[in-house]
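Asks: Coordinates only, no sequence provided:
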Ligand SMILES: Nc1ncnc2c1ncn2[C@@H]1O[C@H](COP(=O)(O)OP(=O)(O)OP(=O)(O)O)[C@@H](O)[C@H]1O
Ligand SMILES: [Mg+2]
């Protein structure tokens, strides 16, 4: 059974009475354990798609099924409960809470989900160790590099062992070394079974996904399967073809 499905997903924003169509009918099905990358020019609707898939915003038309649950059938608080249990979200700009320590940032979604503090702390310690941040638990986000902050954001996204990890340009703000480290972590978590859907502008990042979806003007225009081995040439060739 797919862990994530979208049917005819559409989103039109209204700003100052003007309709801005951001998604124009998207169909998607993600199976457990998949690693999917979404690419496309700025403004084509990638972040909008991710927000709708996570239930952070509601579609104008169409529906999302998360872990078999139809988001349209749930009210806001039921959606929040489902989201905490099933979705980890990594934002481009990390979105850590500045006046909380690393440990408290990572724990927060776990505590909000109502899990016992000791259990959450144990999972956090394990994640911080995996992410090379064991000695940063008591630091504040401002004391960390961009790459470290993004790793904290990844730990926070994984604290509830989500069914699916959604990431919006997780390496977009990082230098190439930090970006490579974050990418290596995504690959490792995927190898361990974590389902991942990420948005990226970077052909190298996309080339590690087994499936790459290309978007344009709010639609999926093409899809390719890769060996997942990190050869960007194939992705670049497809990008050139799609954006022509
Ligand atoms: N809250 C909003 N209100 C009005 N328009 C919006 C809003 N959010 C996004 N848009 C518009 O919807 C379209 C899609 O935006 P979106 O952020 O999904 O694109 P994107 O593919 O993520 O772009 P980028 O690569 O620059 O992050 C754009 O035209 C954008 O201006
Ligand atoms: Mg975006």
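Replies: Okay, I see it. None of these values were measured; they are calculated from a predicted model. Ligands and ions are numbered 1, 2, ... in the order given.
Asks: List of residues touching whichever strand or helix holds residue 189?
Replies: Element membership of residue 189, judged by DSSP states H and E, is helix 176-191. By CB atoms under 8 Å, 6 or more residues apart in numbering, the residues outside helix 176-191 that reach it are 33, 35, 130-132, 145-147, 150-151, 154, 158, 165, 167, 170-171, 174, 196, 198, 202, 204-205, 208. In this view, the C-beta of every residue, glycine as well, is placed from N, C-alpha and C.
Asks: Inside strands: which ones of those residues?
Replies: Using DSSP state E, the subset of the contacts of helix 176-191 located in strands is 35, 165, 167, 196, 198.
Asks: Can you get me a residue count around the last one?
Replies: Counted with other CB atoms under 10 Å, the burial measure for residue 198 works out to 25 neighbours.
Asks: what ranges do the helices span in the chain?
Replies: Secondary structure of the chain, counting by DSSP state H: helices at 46-53, 76-86, 102-112, 117-130, 146-158, 176-191, 203-206, 232-243.
Asks: Now tabulate these in JSON lines and tack on mean neighbour count and distance to residue 95.
Replies: JSON lines is the format used below for those (neighbours: other CB atoms under 10 Å; distance: least, CB to CB, whole Å):
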{"stretch": "helix 46-53", "mean neighbour count": "23", "distance to residue 95": "13"}
{"stretch": "helix 76-86", "mean neighbour count": "15", "distance to residue 95": "15"}
{"stretch": "helix 102-112", "mean neighbour count": "20", "distance to residue 95": "10"}
{"stretch": "helix 117-130", "mean neighbour count": "15", "distance to residue 95": "17"}
{"stretch": "helix 146-158", "mean neighbour count": "24", "distance to residue 95": "7"}
{"stretch": "helix 176-191", "mean neighbour count": "16", "distance to residue 95": "15"}
{"stretch": "helix 203-206", "mean neighbour count": "22", "distance to residue 95": "20"}
{"stretch": "helix 232-243", "mean neighbour count": "15", "distance to residue 95": "27"}
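Asks: need those in TSV with mean pLDDT and distance to ligand 1, can you?
Replies: Output for the helices of the chain, formatted as TSV (pLDDT from 0 to 100; distance: least, CB to the nearest ligand atom, whole Å):
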stretch	mean pLDDT	distance to ligand 1
helix 46-53	97	3
helix 76-86	91	18
helix 102-112	97	23
helix 117-130	95	27
helix 146-158	94	16
helix 176-191	90	16
helix 203-206	94	13
helix 232-243	90	13
